Structure formats: C-alpha cells, structure tokens
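Undergrad: Just the structure for this:
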Amino acid sequence: MSQKYLRKKFKKGITKKKTSNFNKHIHKVLKQLFIGEITISKKAMKVMNSILLDFFDRISLEAGQLVKLSKRKTIQAIDIQTAVKFVIPNGGLYGL
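TA: Below you'll find the model as predicted:
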C-alpha cells in the first residue's frame with residue numbers, strides 16, 4: 001500500500017467531536033428583542049453559550065433525579081418545569 005492511500009484512509013477516521021451550541025438561537029432572540037439594533041461580539045457569544053450550556057446541564061441533571069425519585073424511565077414536561085423551578089428559584093416562572 002502506498003503512503004498516500006494510508007494518509008487518506010487515516011485522515012477519514014479522525015473526526016471532530018461535535019459540541020452543541022446555542023449561537024443561532026441567541027441571534028434569533030436578540031433580533032426578536034431588539035429588531036436588528038444590537039450585535040454581539042465573539043467573546044460575548046462564547047460567554048452566553050457557556051451560560052446556556054451550564055443551565056441546560058443543571059436542568060437536565062435535576063430532571064433526571066426527579067425521574068429517578070418517581071421511579072419512571074422517561075422525562076416528562078412536568079419534570080422539566082419542576083427542574084427549572086429548582087435551578088432558577090425566582091426567575092423560573094418566566095421560562096415556563
């Protein structure tokens with residue numbers, strides 16, 4: 001086998017780990033709220049993305065614990081709503 005063939009074969013095997021981000025959604029919300037008046041820098045976008053990923057992790061962990069306590073196997077909408085109330089005590093009503 002030639003070295004060129006081996007390089008191509010091994011190059012295809014290496015894939016980047018996909019990470020979820022909320023960049024599109026942040027832009028959509030900004031456009032809805034401010035109608036094109038405000039833009040966001042890359043650093044601010046990274047900060048907002050990390051905050052949202054942190055909230056997503058906290059809410060999903062709390063919802064998972066609620067499901068385990070109720071001895072079920074599926075997360076329902078009420079579990080998510082309750083988890084939001086636990087994670088965000090005063091502001092949880094606005095997200096529901």
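
Undergrad: Let me see the ranges of the helices in this structure.
TA: 3-13, 23-34, 42-69, 77-87 (DSSP state H).

Undergrad: Deepest in the core, which of those is it.
TA: Mean neighbours per residue, mean count of other CB atoms under 10 Å, is largest over these for helix 77-87, with a mean of 17. Where C-beta positions appear, they are placed from N, C-alpha and C, glycine not excepted.

Undergrad: angle of that helix against helix 42-69?
TA: With axes from the mean of the first three to the mean of the last three CA atoms, to 10 degrees as the basis, helix 77-87 and helix 42-69 are set at 120 degrees to each other.

Undergrad: Could you find the closest non-adjacent residue to T39?
TA: L30 (7.9 Å; CB to CB, 6 or more residues apart in numbering).

Undergrad: shouldn't that neighbour be in contact with I38?
TA: Yes. Under the contact definition of CB atoms under 8 Å, L30 touches I38, with a separation of 5.9 Å.

Undergrad: hmm, back to that, list the contacts for the residue nearest to T39?
TA: I38, T39, I40 (CB atoms under 8 Å, 6 or more residues apart in numbering).

Undergrad: Rank those residues by pLDDT and give me only the lowest.
TA: Here the lowest pLDDT out of the contacts of L30 sits on I38, with 81.

Undergrad: what's around that one, how many residues?
TA: Neighbourhood size, I38 [other CB atoms under 10 Å]: 9.

Undergrad: Phi and psi next, for it.
TA: Note on I38: backbone dihedrals following degrees, to the nearest 10 are phi -120, psi 140.

Undergrad: Quick one: low-confidence residue ranges for the chain.
TA: Applying pLDDT under 70 to the chain picks out residues 1-19, 91-96.

Undergrad: Could you count how many residues lie near the residue nearest to H27 when sequence neighbours are not counted?
TA: Of all residues not flanking H27 in the chain, I40 sits nearest, at 7.5 Å (CB to CB, 6+ apart). Residues lying near I40 (other CB under 10 Å) number 14.

Undergrad: Great, nothing more from me.
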